[in-house]
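Trainee: Fold the following.
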Amino acid sequence: QRERLLAPLIAGEAQWAFAYAESRGRVNLADVSCLARQEDGALQLNGEKVAVLNGPAADWLLITVRTGGERRDQDGISLLAVPADSAGISRRDYPLVDGSPGASIAFENVSVPAENLIGEPGAALKLVQHAVDGAIVAVGAEALGAMDALLEQTVEYTRTREQFGQPIGSFQLMQGKIA
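Mentor: Got it, this is the predicted structure:
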C-alpha cells in the first residue's frame, strides 16, 4: 500500500483529500453512516461526505467508512482509499469560508478493492481523532501567524503614515484600536 498509494503523493503526481465529515455527524467523529460492505471480494461503498478540503482537485479520497457496528459506535470505523474518478462518485464543488476549494462527495454503489482498506478494519477512530486534533492545532497556528503578521504590518503603517503633520500612530484612537 505504501508504495502503490503514497509514492505518487510524495512525488507530487497525485493529490489526496481526507473525507471524514458527514452532514449529520456534527463534531462527533464516530458518527459515520457512510457504509462499506463486502461484496464479491470488493467493498461496496454508499454514503456522503461533506466539507472535503481539496475535494475538487483530489485524485484519491481517504474516507472514513463504517464496516461494522451502528451509526455512532466507536468501533467499526475504517479508512478506505478510493480513486476519486471511480464510477458511482458524484461531487458538488464549492469554495469554503476561507476561499479554499471544498466539495460534498456522494458515493453510490462504488466498488473499491478490499486491498484499499487502510490499517486494521473497524479500528480507525483513534487515528482519525489524532489527525483531526493535529489539523485543528495547525489551523489555529496558521490563523495566529496571519494575525501576528497583520498586526506587525498595521503597527508599521501607523508609524509611517502621517496625517495633520504627525504619524497616525500618535493618535489616541489608533493606539486604542491597535492595543
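
Trainee: now residue 31, nearest residue through space, not along the chain?
Mentor: residue 25 (3.7 Å; Cβ to Cβ, 6 or more residues apart in numbering). Heads up, the C-betas are built off the backbone N, CA and C, glycines and all.

Trainee: Hmm, residue 61 is touching residue 82, no?
Mentor: Yes. The pair residue 61 / residue 82 is scored as a contact, 4.6 Å apart, by Cβ atoms under 8 Å.

Trainee: ok, the residue nearest to the spatial centre of the chain to residue 154 distance?
Mentor: Centroid-nearest residue in the chain, with Cα atoms, centre = their mean: residue 53, separated by 4.3 Å. For residue 53, the distance to residue 154 equals 29 Å [Cβ to Cβ, to the nearest Å].

Trainee: now residue 60
Mentor: Taking Cβ to Cβ, one finds residue 60 at 41 Å from residue 154.

Trainee: And those two? Which one has more around it.
Mentor: Comparing residue 60 with residue 154 by neighbour count (other Cβ atoms under 10 Å), the higher total belongs to residue 60, at 19 against 14.

Trainee: Quick check: bridge partners of residue 94?
Mentor: Judged by DSSP bridges, the bridge partners of residue 94 are residue 102.

Trainee: so it touches residue 102, yeah?
Mentor: Yes. With contact defined as Cβ under 8 Å, residue 94 reaches residue 102; the gap is 5.8 Å.

Trainee: which one of those two has more residues nearby?
Mentor: Neighbour comparison, residue 94 and residue 102: the larger count goes to residue 102, with 22 against 11 (by other Cβ under 10 Å).

Trainee: just checking, that one touches residue 92?
Mentor: No. Look at residue 102 against residue 92 with Cβ under 8 Å: they stay out of range, at 9.5 Å.

Trainee: burial count for residue 98?
Mentor: Neighbour tally, residue 98, other Cβ under 10 Å: 10.

Trainee: so it sits in a strand?
Mentor: No. Per DSSP: H, G, I helix; E, B strand; the rest coil, residue 98 lies outside any strand segment and is coil.

Trainee: in this protein, which helix has the most residues?
Mentor: Longest helix of the chain, by residue count under DSSP state H: helix 125-160.

Trainee: Average pLDDT for the helix or strand just after that one, rounded please.
Mentor: Going down the chain from helix 125-160, the next helix or strand is strand 162-163, by DSSP states H and E. Strand 162-163 carries an average pLDDT of 89.
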